[in-house]
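Engineer: 3D model of this:
(chains A and B)
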Amino acid sequence: MRENESSNARSSQPLSVAPYRGVRDFYPEDMGVFRAVEARVRSWIERWGFEEYGASLLEPAELYEAKAAENEEIAREQTYTFTDRGGRRVTLRPEMTPTLARLAAARAKSLRFPLRWYSFPNVFRYERPQEGRLREHWQWNCDILGEPGVSADIEIITLASSILTDAFGAPRESFEVRVSHRGILTALEGEYLSEPPPNPTRLWAWIDRKEKMDAAQFTRGLRDLLPFDDAKVMETFLEAGSLDETLSLFPRLASVSAVELLQEAQEGLTLLGVPWRFDASLVRGFNYYTGIVFEVFAVSGLRRSIFGGGRYDGLTALFGAPPIPAVGFGLGDVTLTAFLKALGLLPQSALSLDVLVVPLGVRQLALAQKHALSARKAGARAVALLAPASPKEGVGEALRAGARWVVFVGDHEEAQRIVTLKHLPTRTQREAPEEGWEHLLAGEPA
RNA sequence: GUGCCUAUGGUGUAACGGUUAGCACAGGGGUUUGUGGAGCCCCUAGUUCCGGUUCGAAUCCGGAUAGGCACCCCA
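Structural biologist: Below you'll find the model as predicted:
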């Protein structure tokens, strides 16, 4: 029956013009915005000395399946995986980190660490699309490889914050960086709970969802997962507004190394002006990160998580290479764009035409192309109309295209070996020699 | 994977179960024919699909398909 439908589709039904579910088409106006955002981020990241790397979107499926021992569902159900013509199983990369690990492991013995590497790959996941979540999106990945100290964590978090404030001018009040460390929660469980949580995985997942529900609902769930007294302890812990408050409530945590790291990070981030906040309920990606984790959360306009990252020191173990400490983040284009749009900070495509060359008759078509070429060689973005047009139409086209100059070539100009050069902003016009008129473009009339 | 909502020209929308499915924008043509996005006239083009109820369905019902949102998950 499906066969029947598809053969019908071939013979009579026209194909749909809609893009494949969950992916986007980029018309020129969309592409202009996309590129403008990309250019801002890229140039800012490069100013921090990060070097770009890249790789194919195809990876062997094992790269994700090996890692997914604790996260099998993701590899099995949320990737695009297929068998190639040679019988190899191939996956469209769902994230960049395993690829980065592969690249780093391959040259682990010859690379000079620390390294600052970034990339801007498209990544794929097979999920039902919803607000802010598509099946393909692009993601800036910034990582510092080979530095175990907290200085790298501080730099990465500062870069994440700085992209918003310095590359796009977002106010410091428009977001906050929530910082935590999974070691604190582990230490609390060891030091202050009466018994180990019966189901830590479910407990942490519940804690991670704290923001998404009201307090009463959260408390109810917590009491299902912990003995009554432990639930109260946990709730007190999660409510603490700062690291200092946490330590005054739970003094035995002060000697925990995770806390010492966070205190160092706190000093650095404060000095660097990052709008950060300790958030004990942040347990983002607990089966992946090994140290400090952070999440950038929009607090004005949309209220939602924009992106996050953290430290993952086990990076190259998969490949049998020496472990390389690493800290990084991934910033998706969809959420960044939504954040900027809500703040009115979305950059616009800056591309417009400088010069439109208008052939007034069919005999001037090639001549118009010649003049456009001259303009291009002089550095202008120039287009020659492909069909003859009246001066009125030519001016109209030029205005629509945002061009500042119009060049007319008709019988008169051709005979006199000149062009008629019109400057739209000043509504002025002059005749100029056929050879060398393009140098007048530099000195615009006042 | 589960649930809820939606589906009208290219786009955005209007139409109580009852005239020829209306309007705006976009697109095409004309008017002008060596100069500012205009105006005016004309045109193209639509009820997602299949079935049911009804004298009569864009409208009500069932199913399919597609899209959106939420859950799940978020590497």
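Engineer: drop to CA atoms for contacts and neighbour counts, all remaining ones
Structural biologist: Will do.
Engineer: measure stretch A:408-421 end to end?
Structural biologist: 7 Å (Cα to Cα, to the nearest Å).
Engineer: Could you do stretch A:176-185 as well?
Structural biologist: Start-to-end, stretch A:176-185 (Cα to Cα) is 21 Å.
Engineer: Same check on stretch A:19-34?
Structural biologist: Rule used - Cα to Cα; the end-to-end distance of stretch A:19-34 is 18 Å.
Engineer: Okay, now the unreliable bits of the stretch 1-150 of chain A?
Structural biologist: For the stretch 1-150 of chain A, the stretches with pLDDT under 70 are A:1-14, A:66-76.
Engineer: which other helices and strands contact whichever strand or helix holds residue A:144?
Structural biologist: Assigned by DSSP states H and E, residue A:144 belongs to strand A:136-145. Where contact means 3 or more Cα pairs under 8 Å, 6 or more residues apart in numbering; DSSP states H and E, strand A:136-145 is packed against strand A:115-119, strand A:122-124, helix A:150-162, strand A:326-332, helix A:333-342.
Engineer: Most tightly packed of those?
Structural biologist: strand A:326-332 (a mean of 25; mean count of other Cα atoms under 10 Å).
Engineer: what about it and RNA strand B, any contact?
Structural biologist: No - for strand A:326-332, no contact with RNA strand B is found by Cα under 7 Å from any atom of the strand; the gap never falls below 8.5 Å.
Engineer: Tell me how many other residues surround residue A:369.
Structural biologist: Residue A:369: 19 surrounding residues under other Cα atoms under 10 Å.
Engineer: Quickly find the element holding it.
Structural biologist: helix A:365-377.
Engineer: Give me the buried positions along that helix.
Structural biologist: Of all the residues in helix A:365-377, those buried under the rule 16 or more other Cα atoms under 10 Å are A:365, A:367, A:368, A:369, A:371, A:372, A:373, A:374, A:375, A:376.
Engineer: which residues touch residue A:200?
Structural biologist: Shown in contact with residue A:200 (Cα atoms under 8 Å, 6 or more residues apart in numbering): no residues.
Engineer: What segments of the stretch 251-400 of chain A are strands?
Structural biologist: A:276-278, A:292-298, A:304-311, A:326-332, A:355-359, A:382-384 (DSSP state E, counting those that start in this stretch).
Engineer: which of these is buried the deepest?
Structural biologist: Mean neighbour count (mean count of other Cα under 10 Å) peaks for strand A:355-359 among those, with a mean of 29.
Engineer: Averaged pLDDT, it. What do you get?
Structural biologist: Mean pLDDT, strand A:355-359: 93.
Engineer: And stretch A:427-435, by the same measure?
Structural biologist: Per-residue scores along stretch A:427-435 average to 92.
Engineer: could I have it exported to PDB, CA atoms only?
Structural biologist: Taking C-alpha atoms only, stretch A:427-435 is exported to PDB below (Å, rounded to 0.1, in the frame of the first residue of the first chain):
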ATOM      1  CA  ARG A 427      20.000  63.000  -6.800                       C
ATOM      2  CA  THR A 428      22.900  64.400  -8.800                       C
ATOM      3  CA  GLN A 429      24.100  63.200 -12.200                       C
ATOM      4  CA  ARG A 430      27.000  63.800 -14.500                       C
ATOM      5  CA  GLU A 431      28.600  62.400 -17.600                       C
ATOM      6  CA  ALA A 432      31.900  60.700 -17.300                       C
ATOM      7  CA  PRO A 433      34.400  59.200 -19.800                       C
ATOM      8  CA  GLU A 434      33.800  55.600 -20.800                       C
ATOM      9  CA  GLU A 435      37.300  54.600 -19.500                       C
END
